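Student: got a structure for you, letters missing:
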C-alpha cells in the first residue's frame, strides 16, 4: 500500500504548531465539513500529515503523524462527526508559503488550493515529496 499524506489547516492564533508540539499532539476535533470528514475517516495510524497555519500566515510549518485513526468526535453535540489523534514529528526546516504552493507546477493542483475552505485534505505522493523538498526537510 502506498504511503498516504494529508494536510490539516489551523489558525495559529487558535492552536499553533508550537501549541501542538507543547501538548505532544492533539485530538483533531471540531471539523464540521462533509468533505473534510471523509478525509478524516480515510486517515490511518502512521499516515504523514502536513500542518498548515491558515489566516495571516498561510504556510506549511510542520510534519505530524496520525496517532489514532478516526473515531466519533467527542465535541459533536449533534450529527455524525469524526476526529483523529495527531502527534508532531518535526517542524519544517523552511516553511512553505501558499504563494510558493500556488506558483509550483506540482503543488498548484493540491485540493487545499482548489478548495481553500477545506481544513483537511489529501496530499499526493509527488506533492508530498515536492513540499518536503521546498521545506528542505526529510520525512524521517
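Tutor: Good, I have the coordinates. Just so you know, these numbers come straight off a predicted model, no measurement behind them.

Student: and the worst-scoring helix or strand of the chain on mean pLDDT, what does it pack onto?
Tutor: Least confident helix or strand, the chain: helix 111-114 with a mean of 93, by mean pLDDT, DSSP states H and E. Counting contacts by 3 or more CB pairs under 8 Å, 6 or more residues apart in numbering; DSSP states H and E, helix 111-114 packs against helix 98-103, strand 120-123. From N, CA and C alone the C-beta is placed, and that goes for glycine too.

Student: and the gap between residue 54 and residue 116?
Tutor: 9 Å (CB to CB, to the nearest Å).

Student: And residue 35, by the same measure?
Tutor: 12 Å.

Student: Please say which of those two ends up with more neighbours.
Tutor: For residue 35 versus residue 116, the count of surrounding residues by other CB atoms under 10 Å is larger for residue 35: 15 against 11.

Student: Quick check: the more buried one is in a helix.
Tutor: Yes: looking at residue 35 with DSSP: H, G, I helix; E, B strand; the rest coil, it is inside a helix.

Student: Any figure for the gap between it and residue 120?
Tutor: Taken as CB to CB, the span from residue 35 to residue 120 is 8 Å.

Student: cool, residue 52 as well?
Tutor: For residue 52, the distance to residue 120 - CB to CB - is 10 Å.

Student: repeat for residue 112
Tutor: For residue 112, the distance to residue 120 equals 9 Å [CB to CB].
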